[in-house]
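>>> Got a predicted model here, sequence first, then my questions.
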Amino acid sequence: MHIDNFASGDSLLHRLDPRVKIIAAMFFSVIVAVADRPLCLAAAICFSLALLLIARLSIREVLLRLLAVNAFIFFLWLFLPFTYGGEKLFSLGPLTATREGIIYVFQITVKSNAIVVALIALLGTTPIITLGHALGHLRVPSKLIHLLFFTVRYLQVLHLEYDRLRAAMRIRAFRPGTNLHTYRSLAYLIGMLLVKSFDRAERIRKAMLCRGFHGEFYLLSHFELERIDLVMFLIMMVVVGGMASLQWIILK
């Protein structure tokens, strides 16, 4: 389980100031999330793909990340066209698909993929620790940053604990199926994982208190904006501003 898969590299986006990437990702995500005009959505996809090319990331790895997103969107394609009101397009037995429903779920698909690709290219190219420090410089509440650090730090630990519990179940001849025994066993597995997570969290908290932790991580490294950071920030803001214009001004 690797979280920083895309953080190693020497592309322009890898070297960019993380504060610039965080702000650009935030504005881009907000604009795309509320957009519904075709030209704006097309510009969002093109911008995301351009960022992906600049970051020089593995297309295979990115597609694997998108697979999880589109697996959820697939279920939207199964239900939304038949439950969204509008003009009838075609029928499947008693179900009627509407033109507006298909357009709506298509917009969701484009938005989701554009935002995920942009976030991978902008934030995925930054190590998690550096990202947390950048959030601290942007005055994000320290408790949220601590939560990010601890979540990332112990996801791997919990994943290993989960693998250990699953291995113990297999050794005891557990074979999953569609029966009450399987559901009960999986519920026990989740319960044990939660209990062990709570116990580990308590031990970590006590260990940190013994070492003098008072609820604050001190920032020992600081960022400096360089000319390339400012230039890239201006370019990205111009693009995002252009998308906003396509959505609310030009086509009105």
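Noted; the coordinates are in hand. Residues are numbered from 1 along each chain as shown.

>>> Next, report how far the helix or strand harbouring residue 70 is displaced from the centre of its chain.
If you go by DSSP states H and E, residue 70 is part of helix 59-83. Distance of helix 59-83 from the chain centroid (C-alpha atoms, centre = their mean, to the nearest Å) equals 14 Å.

>>> For it, give me every contacting residue.
The contact list for helix 59-83 (C-beta atoms under 8 Å, 6 or more residues apart in numbering) reads 5-6, 52, 89, 92, 95-98, 101-102, 104-105, 108-109, 112-113, 116-117, 120. (C-beta placed from N, C-alpha, C; glycine too.)

>>> Flag every buried residue along that helix.
62, 65, 66, 70, 73, 76, 77, 80, 81, 82 (16 or more other C-beta atoms under 10 Å).

>>> which strands and helices sit next to whichever helix or strand residue 195 is part of?
Under the criterion of DSSP H and E, residue 195 resides in helix 180-210. With contacts taken as 3 or more C-beta pairs under 8 Å, 6 or more residues apart in numbering; DSSP states H and E, helix 180-210 sits against helix 142-171.

>>> centre of the chain versus the helix it packs on, how much separation?
That offset, for helix 142-171, works out to 18 Å (C-alpha atoms, centre = their mean).

>>> Give the buried residues for it.
So, applying 16+ other C-beta under 10 Å, buried residues of helix 142-171: 145, 148, 149, 152, 158, 161, 162, 165, 169.

>>> what is the rounded mean pLDDT of stretch 82-101?
When pLDDT is averaged along stretch 82-101, the result is 80.
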